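Visitor: dropping the sequence and predicted coords here.
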Amino acid sequence: MSARFTPPDNEAMVGPFAQCVRHPNATPLTYHGTNSWILAAPNDGACVVVDPGPDDAACIGRIAEACARRGLTVAAVAVTHDHFDHAECAEEAGRVFGAPVLGVASGTLGPGPLELPGVSLAIEVVPLPGHSSDSVGFLVEEGALVVTGDVVFAQSPTMVCWPDGRMGDYLASLDVLGRLVAERGVERLLTGHGPVIENPSERIEQARRHRLQRLQQVVSAVRSGIPADAEALVEAVYNDVRPELHDGAVRSVNAQLRFAFDEGILQENR
């Protein structure tokens with residue numbers, strides 16, 4: 001697998017339009033840490049910072065140093081979603097950089113072109129709910145890339161963070177990503193944690209297969225007599241999950257159960 005992906009070393013450029021600043025907040029959920037992305041055209045003096053990271057002044061410092069080395073000012077701080085490991089320092093980053101903070105949860109970011117003073121790079125905001133209700137991607141068509149947050153990873157499946165995240169939304173967002181690859185020429189997915197995905201169609205389908213396989217395991221377990229209860233089903237179906245990921249597995253099972261009930265795959269006992 002390692003031969004298929006480009007690890008984003010700290011301050012590594014991924015093509016001419018995106019730079020990764022990786023923070024050392026490694027956990028079982030964040031992998032090696034959160035990836036902040038600096039998006040700028042090669043000749044621009046201003047950039048967009050996506051996902052500044054957790055509440056740690058050192059995160060802002062790393063981004064500031066990377067921008068200063070390139071002579072960039074920050075036109076906006078934007079977040080793919082409002083989870084703390086991506087967005088907790090966003091307001092402080094906006095204050096430090098003197099820039100607006102943009103996100104769906106705060107009502108300051110909507111779908112479509114992101115137009116900012118001093119930024120000539122064409123960036124399009126694409127709704128990608130499922131991991132969370134407010135998840136978005138940032139499409140840079142000229143660079144054949146999308147900054148995806150936590151929608152999909154190279155190294156592992158993501159989590160559908162029920163009740164805010166919904167499995168039906170997640171599957172629909174995989175469809176959206178697939179269309180961006182097929183119709184808009186996207187070649188790279190710049191993720192919130194871990195390596196850049198350079199085989200996007202394959203990885204999107206792997207994510208879909210994994211989610212549907214887990215759904216089938218949950219449905220089969222309930223039909224075999226195991227209660228439609230997330231804790232019981234995690235013990236039966238997710239027995240290969242590390243203990244520190246237990247809570248995430250419970251959320252994912254709840255998302256699968258809700259999807260199965262809503263789609264009529266299982267009968268809900270109210």
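Guide: Sure thing, it's come through.

Visitor: low-confidence bits of this structure, can you list those?
Guide: 1-10, 270 (pLDDT under 70).

Visitor: output the longest helix belonging to it.
Guide: Counting residues, the longest helix found in the chain (DSSP state H) is helix 200-223.

Visitor: buried set for that helix?
Guide: Across helix 200-223, burial judged by 16 or more other CB atoms under 10 Å covers 200, 203-204, 207-208, 211, 214-215, 217-219, 221-222. The C-beta positions use only the backbone N, C-alpha and C, and glycine is treated the same way.

Visitor: do stretch 30-39 as well
Guide: For stretch 30-39, burial by neighbour count (16+ other CB under 10 Å) applies to 30-39.

Visitor: ditto for stretch 14-25
Guide: So, applying 16+ other CB under 10 Å, buried residues of stretch 14-25: 14-15, 17-23, 25.

Visitor: now stretch 139-153
Guide: In stretch 139-153, counting by 16+ other CB under 10 Å, buried: 139-140, 143-153.

Visitor: now the helices for this protein?
Guide: Secondary structure of the chain by DSSP H: the helices cover 57-69, 84-87, 90-97, 167-184, 200-223, 230-237, 246-262.

Visitor: of these, which approaches Val126 most closely?
Guide: Closest to Val126 of the helices of the chain is helix 167-184 (CB to CB; 6.5 Å).

Visitor: output that closest one as CSV, nothing but the C-alphas.
Guide: The C-alpha trace of helix 167-184 is given here as CSV (Å, rounded to 0.1, in the frame of the first residue of the first chain):
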residue,chain,number,x,y,z
MET,A,167,-24.7,6.6,6.9
GLY,A,168,-27.0,7.5,4.1
ASP,A,169,-25.3,10.9,3.8
TYR,A,170,-21.9,9.2,3.9
LEU,A,171,-22.7,6.9,1.0
ALA,A,172,-24.1,9.8,-1.0
SER,A,173,-20.9,11.8,-0.3
LEU,A,174,-18.8,8.9,-1.6
ASP,A,175,-20.9,9.2,-4.8
VAL,A,176,-20.1,12.9,-4.9
LEU,A,177,-16.3,12.2,-4.6
GLY,A,178,-16.6,9.6,-7.3
ARG,A,179,-18.2,12.0,-9.6
LEU,A,180,-15.5,14.6,-8.9
VAL,A,181,-12.9,12.0,-9.9
ALA,A,182,-14.8,10.9,-13.0
GLU,A,183,-16.1,14.2,-14.3
ARG,A,184,-13.8,16.9,-12.9
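
Visitor: which elements pack onto it?
Guide: When contacts are defined as 3 or more CB pairs under 8 Å, 6 or more residues apart in numbering; DSSP states H and E, helix 167-184 packs onto strand 124-127, strand 136-140, strand 145-149, helix 200-223, helix 246-262.

Visitor: let's go with 10 Å and repeat that
Guide: Applying 3 or more CB pairs under 10 Å, 6 or more residues apart in numbering; DSSP states H and E, one finds that helix 167-184 makes contact with strand 124-127, strand 136-140, strand 145-149, strand 188-191, helix 200-223, helix 246-262.

Visitor: the first one pairs with which strands, and in what direction?
Guide: With DSSP bridges as the test, strand 124-127 is paired with strand 112-113 (antiparallel), strand 136-140 (antiparallel).

Visitor: just the buried residues of stretch 67-74, please?
Guide: 67, 72-74.

Visitor: since that was my last question, I'll sign off now.
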